[in-house]
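Peer 1: one predicted model, sequence on top.
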Amino acid sequence: MLELRYYQRDALDALYEYWGKDGGNGLIVLPTGAGKALVIAKLIEELLADYRDMRILNVTHSAPLVGQNYKEFLGLLPFAPAGIYSAGLGRRDAHAQVLFCGIQSVWNKVDQIGDVDLVIVDEAHAISRNANTQYGKFFRDVRARNPDSRTCGTTATDYRMDSGRLTDDLDDDGIIDPVTQAPVKFKLFDDVVYEIGIGELIEQGYLTRLTSQKTSSKIDLKGVGTRGGEYIPGQISAAAEQIIESAVAEDMVLSEGRRAGLFFSTSKENATHVAEAIRRHGRTCAVLTSDNSHETDKIFRAFHAGEIWAISSVSMITTGTNFPFVDFISLILSTKSPGKLVQILGRGTRNCPGKIDCLIADHGKNLAYHGPIDQIRPREPGKGLGEQPKKQCPQEHLDVNGNYGCGEMIAISIMTCHCCGYVFPPSEEVKITAQAADVPVLSVAPPEPRTVTDRSFRFHEGKGDKPPSVKVTYMIGMTAINEWLCPQHTGFAKSKADRYWLAHGGQRPFPKTPIEWLERQDELAGTAEIMVKPRDRYWDVVSHVVGERMAANDNHEEGANDNRPAYLEDWERDEIPF
């Protein structure tokens with residue numbers, strides 16, 4: 001007898017408990033690769049065991065997913081009264097008791113299908129917040145025929161690909177309440193009944209860890225506009241086209257020894273160019289777009305058989321694909337959609353024998369924009385992004401006073417840097433997304449080594465009545481990672497500073513103030529390497545490898561990218577939360 005994993009069992013039990021308390025339409029959130037198809041099959045099996053006449057529909061947006069879920073269910077109940085309604089699969093079993101459907105085939109066929117007791121939506125994040133789409137019209141008709149019908153959904157993200165949570169009301173201007181004259185609210189899902197995060201399942205070994213490595217070839221987002229909450233396709237495609245050759249060349253080095261790769265682009269032209277570039281480097285790659293969608297099965301079979309090393313695609317492999325052996329993903333695109341990013345990176349989280357991790361090469365500054373994927377939270381419809389956009393105080397340009405900037409990240413509305421006094425020109429609008437970044441793909445990951453090419457100490461003023469500290473900037477190539485040491489504090493913060501001083505060869509007595517630290521810094525050996533661990537979208541320094549003794553370095557400019565978590569700048573706390 002098939003035994004569910006603990007979280008799969010917990011998800012079904014949570015849904016039953018929710019319904020038992022007169023709950024409405026529940027949503028189960030499981031990461032990509034966590035076995036949603038099995039959860040759906042087990043749900044149908046258990047419901048039919050208790051309610052033999054229940055009519056159940058499983059609806060999704062992809063014909064391959066329809067077939068996958070159908071086969072998963074027949075694996076549990078080989079003789080179940082199940083059928084398929086999907087034009088893409090060439091079947092229209094409209095009267096089957098358990099019907100696996102493609103929404104494109106059934107959205108206007110509710111009268112033909114008949115009454116339905118339960119609709120299970122797979123990949124529910126694909127449902128738009130517009131109630132006048134195929135999903136919206138389908139559910140309105142289902143509920144009109146049977147007001148007592150229920151809906152439940154499974155998804156890797158409880159937010160839509162466009163914006164907002166799946167439990168939000170849909171936008172519907174077509175139906176007006178005759179009394180209030182206000183649009184009638186329409187909601188598909190009432191509550192999230194169960195959720196488990198990708199980080200937790202990775203730590204427990206159920207999913208493969210995602211890792212990232214800084215890339216040099218980046219899409220220049222300057223001048224790329226936004227429409228409907230996403231980059232304008234033509235503009236982002238043109239920007240991506242400029243870096244394809246260099247990005248692929250870099251990927252060929254990064255992916256050396258990797259078993260298989262997926263390359264994601266914005267346009268058909270980009271996807272074709274990427275594939276051609278990969279082939280010029282001596283590797284096999286297939287292109288998959290809507291133009292050759294009829295070859296999908298053929299390409300997938302060749303990919304599974306190892307006949308081709310990579311697939312270059314646009315919008316064809318983002319969801320509903322099952323390639324456990326993929327251990328390299330390249331993003332030669334930029335997206336403002338958190339759902340799209342999570343779905344893309346989920347292609348690499350499935351476990352496979354011999355697979356240790358999946359390397360992400362982000363050429364579109366997506367991780368810098370969204371942060372680690374297990375920390376992504378959607379914005380509410382009509383709301384901003386939750387924080388003011390940031391820009392970097394430039395170190396490579398002179399201001400009107402002939403001064404270089406310091407690299408600090410500051411709010412885009414500030415025209416004079418509070419750290420170094422750099423004066424921005426009036427038209428300065430360089431946001432954080434225009435900067436290359438070494439950003440973790442997951443907020444939960446083991447420490448990683450970074451070779452230090454330079455180190456500097458600077459005085460960091462405390463806020464209010466809080467003592468000042470020493471800001472340590474480690475240059476990792478062109479990336480800066482910062483750490484704060486607090487010789488003038490008490491407790492753990494002071495002891496940490498003393499341990500750092502002693503480990504780097506400093507003499508006793510320990511410095512008592514940041515000024516004394518800077519005056520005596522020539523006593524310290526260099527830092528050859530640091531171990532860093534992600535915290536939110538930044539890196540924490542967790543240990544050091546001491547190098548050779550260095551000359552005093554108090555004349556260095558402040559390092560770029562103030563990438564310490566923002567809460568460490570809130571000196572109004574009683575203690576620094578290391």
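Peer 2: Nice, thanks for sending it over.
Peer 1: how about low-confidence regions in the stretch 51-200 of the chain?
Peer 2: The stretch 51-200 of the chain contains residues with pLDDT under 70 at 129-132, 160-164, 169-186.
Peer 1: helices of that one, start to end?
Peer 2: 63-76, 103-106, 110-113, 134-145, 198-203 (DSSP state H, counting those that start in this stretch).
Peer 1: tabulate the CA atom coordinates of the fourth one in PDB.
Peer 2: Going back to what we said before, that points to helix 134-145. Taking C-alpha atoms only, helix 134-145 is exported to PDB below (Å, rounded to 0.1, in the frame of the first residue of the first chain):
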ATOM      1  CA  GLN A 134     -11.600  31.000 -18.800                       C
ATOM      2  CA  TYR A 135     -11.200  30.000 -15.100                       C
ATOM      3  CA  GLY A 136     -13.500  32.700 -13.800                       C
ATOM      4  CA  LYS A 137     -16.300  31.900 -16.300                       C
ATOM      5  CA  PHE A 138     -15.900  28.200 -15.700                       C
ATOM      6  CA  PHE A 139     -16.300  28.400 -11.900                       C
ATOM      7  CA  ARG A 140     -19.200  30.900 -12.200                       C
ATOM      8  CA  ASP A 141     -21.000  28.300 -14.400                       C
ATOM      9  CA  VAL A 142     -20.200  25.400 -12.100                       C
ATOM     10  CA  ARG A 143     -21.500  27.200  -9.000                       C
ATOM     11  CA  ALA A 144     -24.600  28.300 -10.900                       C
ATOM     12  CA  ARG A 145     -25.400  24.700 -11.700                       C
END
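Peer 1: before we move on, what SS does R499 have?
Peer 2: helix (DSSP: H, G, I helix; E, B strand; the rest coil).
Peer 1: what number of residues lie near it?
Peer 2: Neighbourhood size, R499 [other CB atoms under 10 Å]: 12. (Each C-beta comes from the backbone N, C-alpha and C, glycine too.)
Peer 1: gap between it and A305?
Peer 2: Noted for R499: a distance of 55 Å to A305, by CB to CB, to the nearest Å.
Peer 1: likewise for E516?
Peer 2: Between E516 and A305 the computed distance is 67 Å (CB to CB).
Peer 1: ok, those two, which is more surrounded?
Peer 2: Applying other CB under 10 Å to E516 and A305 shows that E516 carries more neighbours, namely 15 against 8.
Peer 1: and the more buried one, its phi and psi?
Peer 2: phi -60, psi -40 (degrees, to the nearest 10).
Peer 1: break this protein into its domains for me.
Peer 2: Listed by automatic domain parsing, the domain ranges of the chain are 6-196, 202-375, 448-569.
Peer 1: strands along the stretch 1-150 of the chain, start to end?
Peer 2: Assigned by DSSP state E, counting those that start in this stretch, the stretch 1-150 of the chain shows strands spanning 26-29, 56-60, 82-86, 91-92, 98-102, 118-122, 150-155.
Peer 1: mind checking those for the one nearest to G464?
Peer 2: strand 26-29 (41.2 Å; CB to CB).
Peer 1: what strands flank the closest one, and is each parallel or antiparallel?
Peer 2: strand 150-155 (parallel), strand 191-195 (parallel) (DSSP bridges).
Peer 1: just those: most buried one?
Peer 2: Most buried of the strands paired with strand 26-29, by mean neighbour count (mean count of other CB atoms under 10 Å): strand 150-155, with a mean of 24.
Peer 1: okay, the angle between that one and helix 134-145?
Peer 2: Relative orientation of strand 150-155 versus helix 134-145 (axes from the mean of the first three to the mean of the last three CA atoms, to 10 degrees): 160 degrees.
Peer 1: what are the contacting residues of strand 150-155?
Peer 2: Outside strand 150-155, the residues within contact range by CB atoms under 8 Å, 6 or more residues apart in numbering are 15, 19, 24-30, 36, 39-40, 43, 117-125, 139, 166, 188-189.
Peer 1: mind listing what Q235 touches?
Peer 2: G223, V224, G225.
Peer 1: mind putting these into a markdown table with pLDDT, distance to V452 and neighbour count?
Peer 2: A markdown table is the format used below for these (pLDDT from 0 to 100; distance: CB to CB, whole Å; neighbours: other CB atoms under 10 Å):
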| residue | pLDDT | distance to V452 | neighbour count |
| --- | --- | --- | --- |
| G223 | 86 | 35 | 9 |
| V224 | 89 | 34 | 19 |
| G225 | 90 | 39 | 10 |
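Peer 1: kindly reformat the residues you listed as a markdown table containing secondary structure and distance to I236.
Peer 2: Listed next are those as a markdown table, based on DSSP: H, G, I helix; E, B strand; the rest coil; distance: CB to CB, whole Å:
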| residue | secondary structure | distance to I236 |
| --- | --- | --- |
| G223 | coil | 11 |
| V224 | coil | 5 |
| G225 | coil | 9 |
